[in-house]
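Enquirer: my questions are about this predicted structure, shown below with the sequence.
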Amino acid sequence: MAKPESFLPLKTNWFHILLSLAGEDQHGYGIMQEVLDRTGGKVRLWPATLYGTLKRLIEAELIVESGERPPQEADDSRRRFYHLTRLGRRVLDAESERLQDLVRILHAKRGLEVIQ
């Protein structure tokens, strides 16, 4: 099994997709909307980018297509739902820690209070 650190630093698109899946399984459009909302429109995952990235994340074993589906009345059978794997969660945690370390360094250089 690959080590989480071997994926770092994560590509921006990879990070945002993994972060979107950290709370619950989602379909592609839901991921696109969450990223757009979370970033205040600063990061937009266009369909070609999103679905190409999802394919690469599956190949890297960071996500899988989920077998879980919403209730039939709320479901669209064309949608594919994605789920964060254990490795994907470990990679997201490692990247979060790496980013926190960078913020600590920045604050230290500026003489600001260090965030724990």
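Expert: Structure received. Numbering: from 1, shown residues only.
Enquirer: where do the strands sit along the chain?
Expert: 26-27, 63-65, 81-84 (DSSP state E).
Enquirer: quick one: which of these is nearest residue 47?
Expert: Closest to residue 47 of those, according to Cβ to Cβ: strand 26-27, at 12.3 Å. For the C-beta atoms, the positions are set from N, CA and C on the backbone; glycine is no exception.
Enquirer: what does that closest one rub up against?
Expert: The list of residues contacting strand 26-27 from outside it, by Cβ atoms under 8 Å, 6 or more residues apart in numbering, reads 20, 34, 79-82.
Enquirer: buried among those? Make that a PyMOL selection.
Expert: In PyMOL, a selection of the buried entries from these looks like this (16 or more other Cβ atoms under 10 Å):
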select buried, resi 20+34+81+82
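Enquirer: hmm, which of the contacts of strand 26-27 is lowest in pLDDT?
Expert: pLDDT across those is lowest for residue 79, at 81.
Enquirer: that one reaches residue 31, doesn't it?
Expert: No: assessed by Cβ atoms under 8 Å, residue 79 is found out of contact with residue 31, at 11.1 Å.
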